[in-house]
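Peer 1: pasting the structure only:
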């Protein structure tokens, strides 16, 4: 793999210290960060997807999505609608500061959407994400990928700050061809 090529893969337990470093670098408020043990729990969870962007063995970004069904829904601000079996919640997405602006976060979003489409083409999935109202980088990224506003949630974060929720449905309305090679890489 050349210096400028980035591969996307599922996270492993060995990645957890680096994931915690990226979180600490990206999320300035302690109540919004995950630590290595929490990342390990996510990797081991049956209802979570954690993908990383890897450059020559160095994790430079990640996306973490929790898959909720009616029995496992713990976020009181999120509802599963009558026609839905699942809701995917992007709990976190982050890219190392040195690698931002290269399209890595967008590819990570594509991977989560394409994974669902390829693995479960017959089951539509509503994917939601939340960001602080002033976080234009995250909000703009998701809007550019077709996510639409779904409201503001007061006191959403542990810090007491509100969140803007965006959402998008993926699944059986899309073609079965992924937008990026699977597994994808960036050159």
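Peer 2: Arrived safely, thanks for sending. Computed from a predicted model, the values in this text were never measured in an experiment.
Peer 1: Let me see the contact set for residue 65.
Peer 2: Counting by Cβ atoms under 8 Å, 6 or more residues apart in numbering, residue 65 touches 48, 49, 50, 88, 89, 90, 91, 112, 127. Backbone N, C-alpha and C define where each C-beta goes, glycine included.
Peer 1: hmm, which two among these are most spread apart?
Peer 2: Greatest spacing in the contacts of residue 65, by Cβ to Cβ: 50 and 127 (14.9 Å).
Peer 1: Make a PyMOL selection of the buried ones in the contacts of residue 65.
Peer 2: To isolate the buried members of those in PyMOL, using 16 or more other Cβ atoms under 10 Å:
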select buried, resi 48+49+50+88+89+90+91+112+127
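Peer 1: centre of the chain versus stretch 39-50, how much separation?
Peer 2: Distance, stretch centre to chain centre, for stretch 39-50: 12 Å (Cα atoms, centre = their mean, to the nearest Å).
Peer 1: What strand or helix carries residue 126?
Peer 2: Element membership of residue 126, judged by DSSP states H and E, is strand 125-131.
Peer 1: Tell me the buried residues in stretch 93-109?
Peer 2: 93, 94, 95, 96, 99, 102, 104, 105, 106, 107, 108, 109.
Peer 1: For these, work out which two are farthest apart.
Peer 2: The distance between the two most remote of the buried residues of stretch 93-109 (Cβ to Cβ) is 16.6 Å, for 96 and 109.
Peer 1: Residue 48 against residue 40, yeah?
Peer 2: No - between residue 48 and residue 40 there is no contact under Cβ atoms under 8 Å: 11.3 Å.
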